[in-house]
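Undergrad: Okay, here's the prediction I keep looking at, along with the sequence it came from:
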Amino acid sequence: MKKTLLILFSVLTISNVFSQDVDDKFRVHSLSLGIGAPRSSKISLGLGANMDLAFSKGKHLFKFMAGGASELSFNLFGNKSIRDSFEEYSIMYGRAFEVKKWLSFDFFGGLGYANIKYNLDTSNGFDDEFKSIKTVGFPLQLRIRFITSRLFSIGMEQNVNVNSISTLSRTGGFIQFSF
């Protein structure tokens, strides 16, 4: 509920700040889904995914992103256990630089929240004793986007969340639906 109120407050604040400009309208820009291989300086991670919703005001882009990753372990008896994982929520500002009609470089930076969980038992990794650390971070994102049509793009992205616990990064691909 707090996350929903924070997002709603942020959208209303941003739209109110820019409501005085007549030339450019504040509008929904795109929805993106990404998948990739995360890395961390302190924990091991499996497969990661993220989703973001971007708004535009002229050439300025504002993005809400949610992402995470998890490492699963399986033993011989069929039990599975989530060993290490993280989730992050970010609010970012950025710009898209169109090099050609079919190629764009997108840069974003902002403020985020990260929840990092890791297994405390290192002997077999199948115990349910976890430590969870919550922290504020500074997310950065670089995208190389191939514009296939007016409504659809694909590309590669690098996400980094710099925080006090563990620098989290994820490299992978994404698809973007533009509005």
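TA: Sure, I can see it.
Undergrad: Tell me the helix or strand right after the lowest-mean-pLDDT helix or strand in the chain.
TA: Using mean pLDDT, DSSP states H and E, helix 2-17 stands out as the lowest-scoring helix or strand of the chain, at a mean of 58. Downstream of helix 2-17, the next assigned helix or strand under DSSP states H and E is strand 26-40.
Undergrad: so how far is that following strand from its chain's centroid?
TA: On the basis of Cα atoms, centre = their mean, to the nearest Å, strand 26-40 sits 6 Å off its chain's mean C-alpha point.
Undergrad: mind listing what it pairs with, with the direction of each?
TA: With DSSP bridges as the test, strand 26-40 is paired with strand 47-57 (antiparallel), strand 168-178 (antiparallel).
Undergrad: so can I have a markdown table of these showing mean pLDDT?
TA: A markdown table is the format used below for the strands paired with strand 26-40 (pLDDT from 0 to 100):
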| stretch | mean pLDDT |
| --- | --- |
| strand 47-57 | 93 |
| strand 168-178 | 93 |
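Undergrad: out of those, which comes closest to K63?
TA: Judged by Cβ to Cβ, the one of these that comes nearest to K63 is strand 47-57, at 4.4 Å. Using the backbone N, CA and C atoms, a C-beta is placed for each residue, glycine as well.
Undergrad: Now the element after the closest one, going C-ward?
TA: strand 60-74.
Undergrad: show me where pLDDT drops low in the protein?
TA: Within the chain, the stretches with pLDDT under 70 are 1-23, 42-44, 72-82, 120-128.
Undergrad: one step back: how about the strands paired with strand 26-40, which one is nearest N115?
TA: Set against N115 and scored by Cβ to Cβ, the strands paired with strand 26-40 come closest in strand 168-178, at 10.9 Å.
Undergrad: What angle do strand 60-74 and the closest one make with each other?
TA: Per axes from the mean of the first three to the mean of the last three Cα atoms, to 10 degrees, the angle that strand 168-178 makes with strand 60-74 is 120 degrees.
Undergrad: ok, and what's touching strand 168-178?
TA: Contacts to strand 168-178, defined as Cβ atoms under 8 Å, 6 or more residues apart in numbering, come from residues 29-40, 48, 50, 67, 69, 86, 88, 114, 116, 137, 143, 145, 150-161.
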